[in-house]
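Undergrad: A predicted structure for the sequence below; I have some questions about it.
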Amino acid sequence: MDDDVVIRIRGLKKSYKILDFSITDKRFNFMKHTEYPIFNGLDLDVHRGDIIGILGRNGCGKSTFLKLVSEVLEPDEGTIEVKGKVASILELSMGFHPDLSGRDNIILRSELYGISRSQVLEHIDDIVKYSDLGVFIDNPVRTYSSGMRSRLAFAVMINVDADIFLVDEALSTGDMAFASKASEHLKNLVRSGKTVLFTSHSTSTIKRTCNRAIWLSNCNIAMDGPADEVVEAYGRSINDSVEDTMSLAEGGASSAQYRLSTFYRDGLGVEKDPEKRRYWLEQASLREHPMAMAEMGDILISEGDEEKAMSLYQRAADNGNFEARRKYATMQGDTNEEIENLRTIMKDLASTEYPYDLYNYGNLMYRSALIPADYQEAFEYLTKASEAGWLDADVLLAQMYREGNGVERSMEKFVERLTYAAENGHAKAMSMLADAYYDAKYIKKDAQKAFEWYMKAACTGNMKAQYQVAVMLSSGAGCEKNEDEAKKWFARYSSTALNDSRKVAMDTLKTRHSDFDITNDMLKSMSKSYHTPSMVSLASKYDSGKGFKKSPKAAIDLLEKASLAGGAPRTRLADKYLESEDEEVRKKAFGLLESAAKYGDNAAMYKLAIMYKDGTLCEADENKYRMYMRMASERGNRDAKEVVMKWDNRINRRKKNKEKDKE
């Protein structure tokens with residue numbers, strides 16, 4: 001056995017004999033036994049300093065595994081080698097005498113660990129204090145709750161000088177404060193070179209406490225790896241399993257009932273069935289599941305039963321569902337006429353087919369939706385806006401695909417839409433995509449992709465992403481561990497938090513004509529924290545030589561970094577590329593301007609209009625010239641406004657002349 005391996009298991013097999021009622025020996029009139037396998041050839045190495053959480057469904061062999069390691073049970077086949085002294089809590093009642101006090105039981109149980117009475121008495125005050133049992137320590141153990149017995153057993157165990165600690169569900173029976181204290185103590189044991197294995201149904205406890213987890217399933221190890229990855233894979237298996245979800249739903253679990261309704265809604269693992277979807281929604285609603293009540297309310301609204309729908313919306317709103325709050329407030333506040341008037345105006349504006357008009361109407365329909373038809377119309381207009389090149393529409397469409405509102409639920413399209421928007425510089429999409437890969441709530445966890453997108457979002461000045469990058473670099477999650485880089489990102493995060501105050505100070509200093517060196521220093525600091533507007537402003541100073549040594553290269557370098565964010569930085573970088581004599585560099589400018597226009601930058605729209613007019617880096621197109629020019633004007637570009645004003649004046653003069661001719 002290697003020096004750092006403290007438990008080595010090879011070919012472990014274990015089964016229990018159970019009565020088989022289908023087999024009866026008529027000669028002797030008794031039932032025969034059959035073998036029920038628990039493990040079938042399990043192999044495992046446990047290393048010194050591991051803190052391992054063991055998880056799996058009831059009956060998968062978690063407790064049996066610990067009993068085999070502690071030699072309470074013997075394997076049918078295979079070997080278990082253990083290096084070091086073992087301390088365990090396998091059953092809370094084991095080693096306790098019900099009629100003796102907690103104090104006396106400390107002595108009794110310690111003797112089971114091979115600790116003499118004199119040694120126990122030296123530390124008994126510490127054990128009593130750690131157990132948090134107070135005055136109850138001198139009461140008979142039979143009067144203790146399961147949580148109190150758990151605390152007493154744990155307090156005894158941690159005072160044992162052992163190398164390996166085995167804990168079976170002991171952290172799940174105590175109160176939250178004690179469980180937290182016990183969890184931290186297990187971590188301290190590991191830091192001192194000890195090894196801990198414990199079973200738990202609480203995936204959050206395993207994720208929070210362990211560096212490694214083992215998922216037991218089908219008589220073997222289904223997965224062995226970092227705790228967060230194993231926990232998330234196990235959680236997905238439960239959530240995606242129709243059989244497991246059905247079992248939980250039939251047992252009355254409201255979250256499983258709601259999840260089962262979505263299976264029948266979306267056809268996930270079962271055939272789509274509106275009746276079964278409705279049945280499980282109703283069951284979950286009866287148990288006050290907020291999302292189930294909100295969706296059931298939507299169905300009732302579409303059927304015209306507003307009274308019942310309002311009741312469901314109210315209950316869902318009271319349980320924290322924000323969509324239900326909006327719908328209940330809309331119906332209760334009698335603002336339907338106001339909403340309809342606004343919808344009419346926004347739909348009329350969308351007749352221009354400009355991407356932002358299409359998006360604005362689609363967004364309004366989504367935010368004010370009461371019935372499925374509203375969501376469907378929202379989806380229709382948002383799709384048009386996306387096709388016309390409006391990135392905000394892609395982000396909202398991703399949300400609709402994720403929720404299944406107005407469209408069939410699709411995690412693939414959710415990721416596809418977010419990825420497209422993120423690749424075109426949409427900062428919110430970058431952050432949402434990173435969260436999706438990291439949290440694994442909707443899609444399979446991918447720490448590497450999460451890190452890549454957090455890094456891109458961090459480089460646009462996103463504070464949350466900057467902190468997450470620092471944490472991941474520090475732990476090596478999704479990337480190579482790098483403490484030096486982690487410190488730099490922690491510093492950037494801390495610096496970004498000061499940017500609002502820096503901006504106020506800079507603006508005040510400028511108005512008072514104070515020392516420009518101070519403002520320039522602050523501008524540099526803001527740029528180092530990836531504050532995009534500051535990076536663009538600093539690039540302008542390097543380009544003009546105003547207050548700095550002139551350096552066009554430094555200006556381009558800054559703009560290239562800033563252009564990771566969409567919009568204005570890409571327009572400014574395109575301007576620099578257009579100055580180049582290199583034709584390949586100039587061609588990049590057109591793509592940058594298109595991307596910036598999708599993000600709503602009016603300067604990019606104006607420049608694209610001119611390029612389509614003159615055929616610069618593209619084929620001349622009169623229609624696109626006029627469309628981009630009008631869009632730029634409506635979005636506030638002064639040069640575009642002047643051009644459009646001349647067009648409109650010319651049109652008005654022609655109208656007046658025609659009217660005069662008729663007279």
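TA: Great, that's in hand.
Undergrad: In the stretch 101-250 of the chain, where is pLDDT below threshold?
TA: Across the stretch 101-250 of the chain, the ranges flagged by pLDDT under 70 are 113, 169-179.
Undergrad: Return the list of helices and strands in contact with the helix of greatest length in the chain.
TA: The helix that spans the most residues within the chain, counting by DSSP state H, is helix 638-662. In terms of contacts (3 or more CB pairs under 8 Å, 6 or more residues apart in numbering; DSSP states H and E), helix 638-662 is packed against helix 602-614, helix 622-634. In this view, the C-beta of every residue, glycine as well, is placed from N, C-alpha and C.
Undergrad: any chance of the ones you listed in JSON lines, plus mean neighbour count?
TA: Shown next, in JSON lines, are the helices and strands packed on helix 638-662 (neighbours: other CB atoms under 10 Å):
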{"stretch": "helix 602-614", "mean neighbour count": "22"}
{"stretch": "helix 622-634", "mean neighbour count": "19"}
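Undergrad: and after the helix or strand bottoming out on mean pLDDT in the chain, which helix or strand comes next?
TA: Taking mean pLDDT, DSSP states H and E as the measure, the chain has helix 176-191 as its least confident helix or strand, at a mean of 73. Next along the chain after helix 176-191, taking DSSP states H and E as the criterion, comes strand 195-199.
Undergrad: Low-confidence ranges, the stretch 551-663 of the chain, go.
TA: Counting by pLDDT under 70, the ranges of the stretch 551-663 of the chain that qualify are 662-663.
Undergrad: circling back: between the helices and strands packed on helix 638-662, which one is nearest to residue 296?
TA: Each of the helices and strands packed on helix 638-662 has some distance to residue 296 by CB to CB; the shortest is helix 622-634, at 41.9 Å.
Undergrad: Distance from the chain centre to the closest one, please.
TA: 40 Å (CA atoms, centre = their mean, to the nearest Å).
Undergrad: still on that earlier bit, and the least confident helix or strand of the chain, C-alpha only, in CSV?
TA: Provided in CSV are the C-alpha atoms of helix 176-191 (Å, rounded to 0.1, in the frame of the first residue of the first chain):
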residue,chain,number,x,y,z
MET,A,176,-27.9,23.6,12.4
ALA,A,177,-25.4,25.3,14.8
PHE,A,178,-24.0,22.0,16.0
ALA,A,179,-23.8,20.5,12.5
SER,A,180,-21.9,23.6,11.4
LYS,A,181,-19.5,23.3,14.3
ALA,A,182,-19.1,19.5,13.7
SER,A,183,-18.4,20.1,10.0
GLU,A,184,-15.7,22.6,10.8
HIS,A,185,-14.1,20.2,13.3
LEU,A,186,-14.0,17.5,10.6
LYS,A,187,-12.1,19.9,8.3
ASN,A,188,-9.7,20.7,11.1
LEU,A,189,-9.0,16.9,11.6
VAL,A,190,-8.2,16.7,7.9
ARG,A,191,-5.9,19.7,8.1
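Undergrad: if we can go back for a sec, for the helices and strands packed on helix 638-662, could you give me a markdown table that also reports distance to residue 573?
TA: A markdown table is the format used below for those (distance: least, CB to CB, whole Å):
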| stretch | distance to residue 573 |
| --- | --- |
| helix 602-614 | 11 |
| helix 622-634 | 18 |
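Undergrad: out of those helices, nearest to residue 366?
TA: helix 622-634 (22.3 Å).
Undergrad: what angle sits between the longest helix of the chain and helix 602-614?
TA: Put simply, helix 638-662 runs at 60 degrees to helix 602-614, going by axes from the mean of the first three to the mean of the last three CA atoms, to 10 degrees.
Undergrad: Of all residues in the protein, which one is nearest the centre?
TA: Compute the mean C-alpha point of the chain, and by CA atoms, centre = their mean the closest residue is residue 439, 3.1 Å away.
Undergrad: ok, the closest residue to it other than its chain neighbours to residue 300 distance?
TA: The shortest distance from residue 439 to any non-neighbouring residue, by CB to CB, 6 or more residues apart in numbering, is to residue 445 (7.9 Å). Distance of residue 445 to residue 300, computed by CB to CB, to the nearest Å: 37 Å.
Undergrad: how about the helices in the stretch 151-300 of the chain?
TA: Along the stretch 151-300 of the chain, counting by DSSP state H, counting those that start in this stretch, helices occupy 176-191, 203-209, 227-240, 242-250, 254-266, 274-286, 290-302.
Undergrad: where's stretch 344-363 relative to the chain centroid, distance-wise?
TA: Centre-to-centre, stretch 344-363 and its host chain are 32 Å apart (CA atoms, centre = their mean).
Undergrad: how about the helices and strands packed on helix 638-662, which one is nearest residue 361?
TA: It's helix 622-634; of these, that one is closest to residue 361 (CB to CB) at 15.0 Å.
Undergrad: just the CA coordinates of that closest one, formatted as CSV?
TA: Output of helix 622-634 as CSV, limited to C-alpha atoms (Å, rounded to 0.1, in the frame of the first residue of the first chain):
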residue,chain,number,x,y,z
GLU,A,622,-29.5,52.1,-50.5
ASN,A,623,-32.1,50.4,-48.3
LYS,A,624,-29.6,49.5,-45.6
TYR,A,625,-28.1,53.0,-45.8
ARG,A,626,-31.5,54.6,-45.1
MET,A,627,-32.4,52.0,-42.4
TYR,A,628,-29.2,52.4,-40.4
MET,A,629,-29.3,56.2,-40.8
ARG,A,630,-32.8,56.4,-39.4
MET,A,631,-31.9,54.0,-36.6
ALA,A,632,-28.9,56.1,-35.7
SER,A,633,-31.0,59.2,-35.7
GLU,A,634,-33.7,57.7,-33.5
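Undergrad: Any idea how far apart the tips of stretch 442-450 sit?
TA: Start to finish, the residues bounding stretch 442-450 are 13 Å apart (CA to CA, to the nearest Å).
Undergrad: Give me the buried stretch members for it, please.
TA: For stretch 442-450, burial by neighbour count (16 or more other CB atoms under 10 Å) applies to 443, 445, 447, 449, 450.
Undergrad: Can you add pLDDT, distance to residue 414 and secondary structure and give those residues back as CSV?
TA: Below are those laid out as CSV (pLDDT from 0 to 100; distance: CB to CB, whole Å; DSSP: H, G, I helix; E, B strand; the rest coil):
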residue, pLDDT, distance to residue 414, secondary structure
443, 84, 8, coil
445, 83, 15, coil
447, 90, 19, helix
449, 95, 14, helix
450, 95, 15, helix
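Undergrad: from those, which is closest to residue 112?
TA: Of the buried residues of stretch 442-450, the one sitting nearest to residue 112 (CB to CB) turns out to be residue 445, at 41.8 Å.
Undergrad: Cross-check the contact I'm expecting between the closest one and residue 226.
TA: No: if you go by CB atoms under 8 Å, residue 445 and residue 226 don't touch, sitting 10.1 Å apart.
Undergrad: In terms of helices and strands, where is the nearest residue to residue 374 once chain neighbours are set aside?
TA: The shortest distance from residue 374 to any non-neighbouring residue, by CB to CB, 6+ apart, is to residue 365 (5.6 Å). Counting by DSSP H and E, the element that carries residue 365 is helix 355-367.
Undergrad: moving C-terminal of that helix, what's the next helix or strand?
TA: Using DSSP H and E, the helix or strand that follows helix 355-367 in sequence is helix 372-387.
Undergrad: Any buried residues in that next one, and which?
TA: Buried residues in helix 372-387 (16+ other CB under 10 Å): 374, 375, 377, 378, 379, 380, 381, 382, 383, 384, 385, 386.
Undergrad: what do you get for stretch 574-590?
TA: For stretch 574-590, the neighbour count (16+ other CB under 10 Å) marks 574, 575, 576, 577, 578, 586, 588, 589, 590 as buried.
Undergrad: one step back: now do the longest helix of the chain: distance to the chain's middle.
TA: Chain-centre distance of helix 638-662: 54 Å, with CA atoms, centre = their mean.
Undergrad: buried ones in it?
TA: 639, 640, 641, 643, 644.
Undergrad: Quick check: residue 74 vs residue 396, distance?
TA: 61 Å.
Undergrad: more neighbours, the two?
TA: residue 396 (23 against 9; other CB atoms under 10 Å).
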